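>>> Need the 3D shape of this:
(one chain, ligands or ions: 1)
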Amino acid sequence: MAEVYITCRVFEEEIERLRAAGHTVEMRDHPGPICHAELLTKIAAAEALICLLSERIDAEVIAAAASLKIIANLGVGYDNIDVEGAHAAGVIVTNTPGALTETTADLAFALLLAAARRVVEGDRFVRAGDFLGWELVGSQLGLEVYGKRLGIVGMGKIGTAVARRGRLGFGMKILYHNRRRNEEGEKELAAVHVPLEKLLEESDFICVHTPLTPQTRHLFDRQAFARMKDSAILVNVARGPVVDEEALVQALATGEIAGAGIDVYEEEPAVHPGLVGLQERVVLSPHLGSATVATRRAMAKIAVDNVLSVLAGAPPLNPVA
Ligand code: DGY
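The predicted structure is shown next:
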């Protein structure tokens, strides 16, 4: 039977399923992504690799894995993988679509609300013993969310789920920018497809849900921030490099935009020190988009389902084209 290498801790029941099918499993039980050199040695005899979205699976890794049949990425995004190189070497790549849509949309909205209503600042304020009583005009006043304009950049599954929260839960008007029109979203949520410039200029809140590609890298740069309202809040739960972090820090520090809720970073796990230094209406989380027990279990199950299928000689369930 086959050797399966897993770069991170996964749920025991999934390991059992692989073993029950007769496969040998090696699981790296350390926090954080595996270093490249270690991966190159570990992958040599593997026929299946289950890996994290933070691990670079490049031509070198693919070349080092002569028997590899499948790379099952634990995530919906797969910008960490040289998909073309994998396909050229006859290796299937799979991801975990669907499983994390609502969970990630929940986090996007949590960040939007937390930044607008200064929830994290309020928490610090109370813990510091600074809450001395209710004030009409206090230091903790935030921004209104209900009925405002929500701009969605990347209206795929997650973007639509965020728009649904905004429209149905908060009476927001939805603008979106996407390569293709999302007619269902337009019908269901009265979402309006607009050029990026218009979305930047007119939105009160902007949520980023586009995948990272050469075209979307630094989509949010100095020029983009200059177009945004000075009362606008940016939320990014997609991929860090879609936003130029240096430009974001500048835009926040100079008041070009009002705030940000950020879950993903350009050089994860490193975070721009300028961003860490900004506290007003800036909320930072450690790439928690899919981080609930149920969703992470579902993601692990999808990855293992794909591996079992391919190792049994059947087609993958969630191939990346
Ligand atoms: C993904 O799956 O791409 C998400 O970033 C996980 O949180």
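>>> got the CA coordinates for stretch 122-135 in CSV?
The C-alpha trace of stretch 122-135 is given here as CSV (Å, rounded to 0.1, in the frame of the first residue of the first chain):
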residue,chain,number,x,y,z
GLY,A,122,-13.1,48.3,24.6
ASP,A,123,-11.9,45.0,26.1
ARG,A,124,-8.5,46.5,26.8
PHE,A,125,-10.1,49.6,28.3
VAL,A,126,-12.2,47.6,30.7
ARG,A,127,-9.3,45.3,31.8
ALA,A,128,-7.1,48.3,32.4
GLY,A,129,-9.7,49.6,34.9
ASP,A,130,-10.3,52.7,32.7
PHE,A,131,-14.1,52.2,32.5
LEU,A,132,-15.3,54.9,34.9
GLY,A,133,-19.0,55.1,33.7
TRP,A,134,-21.2,55.6,30.7
GLU,A,135,-20.5,58.8,28.7
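>>> In contact with residue 10, which residues?
Residue 10 sits next to 27, 50, 74, 300, 303, 304 when contact means Cβ atoms under 8 Å, 6 or more residues apart in numbering. C-betas here are computed from N, CA, C, even on glycine.
>>> Could you report the separation of it from residue 294?
15 Å (Cβ to Cβ, to the nearest Å).
>>> Also residue 12?
For residue 12, the distance to residue 294 equals 16 Å [Cβ to Cβ].
>>> Equivalent analysis for residue 310, please.
Counting by Cβ to Cβ, the separation of residue 310 from residue 294 is 25 Å.
>>> Mind listing what's buried along the longest helix anywhere in the chain?
As assigned by DSSP state H, the longest helix anywhere in the chain is helix 293-311. Residues of helix 293-311 classed as buried: 295-296, 298-311 (neighbour count, 16 or more other Cβ atoms under 10 Å).
>>> likewise stretch 184-195?
185, 189, 191, 193, 194.
>>> Narrow those to those in helices?
Residues of the buried residues of stretch 184-195 located in helices (DSSP H): 185, 189.
>>> how about the buried residues of stretch 184-195 in JSON lines, adding distance to residue 244 and pLDDT?
As requested, the buried residues of stretch 184-195 are arranged in JSON lines below (distance: Cβ to Cβ, whole Å; pLDDT from 0 to 100):
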{"residue": "185", "distance to residue 244": "27", "pLDDT": "96"}
{"residue": "189", "distance to residue 244": "29", "pLDDT": "98"}
{"residue": "191", "distance to residue 244": "26", "pLDDT": "98"}
{"residue": "193", "distance to residue 244": "25", "pLDDT": "98"}
{"residue": "194", "distance to residue 244": "22", "pLDDT": "98"}
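>>> Quick check: the two most widely separated of the buried residues of stretch 184-195?
Using Cβ to Cβ, the buried residues of stretch 184-195 reach their maximum pairwise distance at 189 and 194, which is 14.0 Å.
>>> one step back: specify which member of the buried residues of helix 293-311 is nearest to the ligand.
Nearest to the ligand out of the buried residues of helix 293-311 is residue 299 (Cβ to the nearest ligand atom; 7.3 Å).
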